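Peer 1: predicted model and sequence below, questions to follow.
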Amino acid sequence: MRINVDDLNLLPSKRLRIDYNEKLDIDCVVKPVVGELLVQAVGNGVLISGRVQTLLKLNCHVCLRPFFQSLNVEIDEQLTANKSYSHEDSPRDRELTKDDFYEVIPADGVLDIGDIVYQAVTLASPVFCRCGDDCPGPPKAEKALAAGNSASSIGASESAGKIDPRWENLKTLFSNQETGENS
């Protein structure tokens, strides 16, 4: 969805209310992103505000099981027509001001609302995922490794159940000294 800033300035109220409903190209997003946005011309720029929501399908980093999580994102983005100074002219180590947190309106004057929503949803998506308080924890084969057990305990767990061949090389990570065989 694109909006021309010149067209926005021609509106009587200089504001446009958008019912946003688009499918974003993000792997974990399983439903379209929906919400209501307000785009308004303010002073020397544009203010985009509102709320969008979607449903994410994530994998728990503890138990490795998939789960669904709703995501609500507040959008409050201000874009300005031009910067009051150039970053190249300013010293590298300097104090940030409120003017450093504005995006610049593209030279053609066309705003890509989809890109702004995409960035907001991506930044609001969780980095560490846990399915909840009732998470069963790591799978059993990984509990033995997480507890710091030696290679001999891996052999014991192998007799209880066959180890996945993809994990077979992990046994080489433990030296014979750690198992107590050469002590």
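Peer 2: Received the coordinates, thanks.
Peer 1: next one: the residue nearest in space to the middle of the chain from A81, what distance?
Peer 2: Geometric centre of the chain, nearest residue: S125, 3.3 Å, by CA atoms, centre = their mean. As judged by CB to CB, to the nearest Å, S125 and A81 stand 31 Å apart. Where C-beta positions appear, they are placed from N, C-alpha and C, glycine not excepted.
Peer 1: do V73 as well
Peer 2: Distance of V73 to A81, computed by CB to CB: 26 Å.
Peer 1: low-scoring stretches of this structure, by residue?
Peer 2: In the predicted model, the chain carries pLDDT under 70 at residues 83-91, 99, 141-161, 174-183.
Peer 1: now do the helices in it.
Peer 2: Along the chain, counting by DSSP state H, helices occupy 5-10, 113-124, 140-146, 151-160, 176-179.
Peer 1: so between V73 and A81, which is more surrounded?
Peer 2: Using other CB atoms under 10 Å, the more surrounded residue of V73 and A81 is V73, with 18 against 13.
Peer 1: so that one touches A124, yeah?
Peer 2: Yes: counting by CB atoms under 8 Å, V73 touches A124, with 4.6 Å between them.
Peer 1: how is the protein divided into domains?
Peer 2: Domain assignment for the chain by automatic domain parsing gives 2-124, 140-178.
Peer 1: buried deepest among those domains, which one?
Peer 2: Mean neighbours per residue, mean count of other CB atoms under 10 Å, is largest over the domains of the chain for domain 2-124, with a mean of 14.
Peer 1: what's the first-to-last distance across it?
Peer 2: Start-to-end span of domain 2-124 (CA to CA, to the nearest Å) is 22 Å.
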